[in-house]
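Chemist: mind looking at a prediction? Sequence and model below.
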Amino acid sequence: MKHATMILLLAAAAAAQDLTPRATPQDGPIAIVHATVHPVSGPSIEDGYVLFDGGVIKEVGRGTPPAGARAIDGRGKHVYPGWIAAFTNLGLTEIGAVRATRDDREVGDLTAEVRAAVAVNPDSTLIPVARSNGVLSFAAFPRGGLVPGRASVLSVEGWTWEEMAVETDAGLVVEWPAPRPPPFRGEEKDPEKAMEEVRRNRDRLEQAFLEARAYAAARAADPGTPEDVRYEAMRAALDGKRPVFLVAHDYDQIAGALAFAARWKVRPVIVGGQDSWLLAEEIKAAGAAVIVDGVHRFPKRSDSDFDEAFKLPARLEAAGVSWCLASGEGASNERNLPYAAGRAVAYGLPRDAAIRAITLHAARVLGVEARLGSIEPGKDATLIVTDGDPLEIPTGVVSAYVRGRAIDLSSKQTKLYEKYRSKYVR
């Protein structure tokens with residue numbers, strides 16, 4: 001039985017290996033010309049061009065670019081910065097039913113020393129599926145426990161996680177305890193014991209931050225103090241150099257997370273935020289941002305509007321909250337990110353705000369706006385070229401570049417499509 005199980009695991013791992021060719025480094029200047037360029041940070045440019053070299057954008061303008069670059073005709077096409085999946089387990093999980101292919105959940109409640117990037121599998125078959133629809137960067141989040149580690153921002157192209165890394169330490173992740181125990185399924189538990197566990201988890205979080213701050217003070221006073229990798233990993237968040245990503249959905253949960261951030265004087269980012277529109281003023285007063293974890297959700301309460309989740313982005317935008325949008329659909333369907341933005345547009349969000357929510361604003365919330373999120377000189381040449389409105393399902397991504405490298409947009413799904421299409425065309 002043991003040998004049979006091992007064979008099945010190895011077979012699953014082999015079946016989940018990405019065979020897409022890796023892109024070669026950019027070998028000369030390239031200009032996409034006569035396209036509609038959408039810089040995101042400014043107005044769209046008709047009959048525009050984007051010139052990039054060495055993986056970096058050099059010029060963005062109208063008309064004809066300087067001579068010397070290989071020109072790619074973009075007539076009738078649109079150029080956008082690559083989409084950024086702001087909250088995902090892409091690269092950390094492959095097959096949900098096979099534990100050996102899931103690295104998104106850490107063992108232990110306090111593992112701040114963990115960086116998600118280290119566990120990302122560059123050969124995941126789900127990464128090419130996501131990038132085929134324009135998702136060219138993603139923030140991988142560790143989950144589980146109270147402080148599961150630190151989020152990492154990566155690109156979708158590279159032989160190793162080091163090649164893919166944009167920012168290995170984007171911020172500390174905290175799974176904020178629910179204010180009350182969740183409803184039980186199956187075996188009933190004692191509500192009082194469950195509530196006691198909630199209080200105990202809050203106390204453990206407070207104690208962890210207390211000890212981390214004491215450790216930082218001790219190291220500052222005496223550099224000879226022995227290094228503790230766990231508390232060392234928390235220093236950037238405690239110093240305000242990195243945000244603290246507080247995973248919280250409910251009203252009471254978000255309010256408690258904001259109070260915690262104020263108490264410890266850290267920069268909060270609310271992740272999930274289904275009830276964030278009810279605390280818009282408090283979130284703005286705290287200087288916090290929100291990563292909305294998808295819009296394709298059921299209403300939270302029996303008396304909620306049926307379109308409550310669809311309208312959340314529009315409500316946050318109207319209230320002046322700093323926010324961005326994640327797909328909320330998991331690694332296997334991360335390609336649907338632009339359609340989540342499209343749904344929000346259908347329910348009141350301005351289209352330009354929807355594009356910013358999955359590009360520039362996502363980059364700002366994740367702290368990588370110097371490299372990603374818009375088409376500007378000096379930023380990475382991480383771009384997509386589409387044949388129409390990318391928020392519409394019929395639109396296709398016809399080409400993509402990651403740091404100037406032309407990306408193969410095929411995936412396991414396109415290969416299977418070609419295989420079975422040829423079968424039935426015979």
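Modeler: Alright, I've got the coordinates.
Chemist: now do the SS call for Leu172.
Modeler: At Leu172 the chain is in strand, as set by DSSP: H, G, I helix; E, B strand; the rest coil.
Chemist: my read: it touches Arg242, true?
Modeler: Yes: shown here, Leu172 and Arg242 form a contact pair, counting by CB atoms under 8 Å, at 6.5 Å. (C-beta placed from N, C-alpha, C; glycine too.)
Chemist: between these two, which is the more surrounded one?
Modeler: Applying other CB atoms under 10 Å to Leu172 and Arg242 shows that Leu172 carries more neighbours, namely 25 against 21.
Chemist: the more buried one pairs with what?
Modeler: As for beta bridges, Leu172 partners with Arg150, Val244 under DSSP bridges.
Chemist: how close does it get to Ala151?
Modeler: 8 Å (CB to CB, to the nearest Å).
Chemist: can you check Ala86 too?
Modeler: Going from Ala86 to Ala151 by CB to CB gives 9 Å.
Chemist: what sits in contact with each of the two?
Modeler: With contacts taken as CB atoms under 8 Å, 6 or more residues apart in numbering, the residues that reach both Ala86 and Ala151 are Ala139, Leu366.
Chemist: still on that earlier bit, overlap in contacts, Leu172 and Arg242.
Modeler: Common neighbours of Leu172 and Arg242 (CB under 8 Å, 6+ apart) are Arg150, Ala236.
Chemist: contact partners for the closest residue in space to Gly342 that isn't next to it in sequence?
Modeler: Distances taken as CB to CB, 6 or more residues apart in numbering place Leu391 nearest to Gly342, at 3.6 Å, with adjacent residues excluded. Counting by CB under 8 Å, 6+ apart, Leu391 touches Pro338, Tyr339, Ala341, Gly342, Val345, Arg351, Ala354, Ile355.
Chemist: what about the spatially most central residue of the chain, which helix or strand?
Modeler: For the chain, the residue nearest the mean C-alpha position is Ala86 (2.2 Å; CA atoms, centre = their mean). In the assignment (DSSP states H and E), Ala86 maps to strand 83-88.
Chemist: can you check Ser137 too?
Modeler: Per DSSP H and E: Ser137 is located in strand 135-140.
Chemist: Tyr215 now?
Modeler: Per DSSP H and E: helix 191-221 holds Tyr215.
Chemist: which strands or helices does that helix pack on?
Modeler: Helix 191-221 sits against helix 229-238, helix 251-264, with contacts defined as 3 or more CB pairs under 8 Å, 6 or more residues apart in numbering; DSSP states H and E.
Chemist: okay if I get these as CSV plus mean pLDDT?
Modeler: What follows is these, written out as CSV (pLDDT from 0 to 100):
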stretch, mean pLDDT
helix 229-238, 95
helix 251-264, 96
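Chemist: mind putting those into TSV with distance to Ala116 and mean neighbour count?
Modeler: Converted to TSV, the helices and strands packed on helix 191-221 look like this (distance: least, CB to CB, whole Å; neighbours: other CB atoms under 10 Å):
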stretch	distance to Ala116	mean neighbour count
helix 229-238	12	19
helix 251-264	20	18
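Chemist: now the ones you listed in CSV, with distance to Ala289?
Modeler: Listed next are those as CSV, based on distance: least, CB to CB, whole Å:
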stretch, distance to Ala289
helix 229-238, 15
helix 251-264, 11
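Chemist: out of those, nearest to Ala35?
Modeler: helix 229-238 (39.6 Å; CB to CB).
Chemist: point out where this protein drops to low pLDDT.
Modeler: Scanning the chain for pLDDT under 70 picks out the ranges 1-16, 180-189.
Chemist: cutoff 50 now
Modeler: Along the chain, the model assigns pLDDT under 50 to residues 1, 5-14.
Chemist: could you chop it up by domain?
Modeler: Listed domain ranges for the chain are 16-81+373-426, 83-180+242-369 (source: automatic domain parsing).
Chemist: in stretch 358-365, what's buried?
Modeler: By neighbour count on 16 or more other CB atoms under 10 Å, the buried set for stretch 358-365 is Ile358, Thr359, Leu360, His361, Ala362, Ala363, Arg364, Val365.
Chemist: wait, what's in contact with the closest residue to Arg70 other than its chain neighbours?
Modeler: Nearest residue to Arg70, sequence neighbours excluded (CB to CB, 6+ apart): Ile30, at 5.2 Å. Applying CB under 8 Å, 6+ apart to Ile30 gives the contacts Leu51, Phe52, Asp53, Ala69, Arg70, Ile72, Tyr401, Gly404.
Chemist: if I look at Ile30, how far off is Arg75?
Modeler: 16 Å.
Chemist: need the next SSE after the strand holding Ala86, C-terminal direction.
Modeler: Remark: after strand 83-88, the chain's next helix or strand is helix 116-119, criterion DSSP H and E.
Chemist: any idea how far that following helix is from the chain center?
Modeler: Taking CA atoms, centre = their mean, to the nearest Å, one finds helix 116-119 lying 14 Å from the centre of the chain it belongs to.
Chemist: same check, this time on stretch 128-148
Modeler: 5 Å.
Chemist: for it, how far is the first residue from the last?
Modeler: End-to-end distance for stretch 128-148, by CA to CA, to the nearest Å: 27 Å.
Chemist: how about that stretch: buried residues?
Modeler: Going by neighbour count (16+ other CB under 10 Å), the buried part of stretch 128-148 is 128-143, 145-148.
Chemist: buried residues, stretch 21-29. List them.
Modeler: Ala23, Gln26, Pro29.
Chemist: which residues touch the first one?
Modeler: Pointing back at Ala23 there. Contacts were defined as CB under 8 Å, 6+ apart; by that measure Ala23 touches Glu157, Val402, Arg405, Ala406, Ile407, Asp408.
Chemist: out of those, what pair is the most spread apart?
Modeler: Farthest apart among the contacts of Ala23 by CB to CB are Val402 and Asp408. That separation is 10.9 Å.
Chemist: higher neighbour count, these two?
Modeler: Val402 (23 against 16).
Chemist: so what's the more buried one up against?
Modeler: With CB under 8 Å, 6+ apart, Val402 has these contacts: Ala23, Gly82, Arg131, Leu136, Ser155, Val156, Glu157, Asp380, Thr382.
Chemist: which ones among these map onto strands?
Modeler: Taking DSSP state E, the ones among these that sit in strands are Leu136, Ser155.
Chemist: show me the two of the contacts of Val402 that sit farthest apart.
Modeler: Farthest pair in those, by CB to CB: Arg131 and Asp380, 14.5 Å.
Chemist: from memory Asn133 sits against Ala341, does it?
Modeler: No: taking contacts as CB under 8 Å, Asn133 lies outside contact range of Ala341: 12.0 Å.
Chemist: overlap in contacts of those two?
Modeler: Between them, Asn133 and Ala341 share no contacting residue, judged by CB under 8 Å, 6+ apart.
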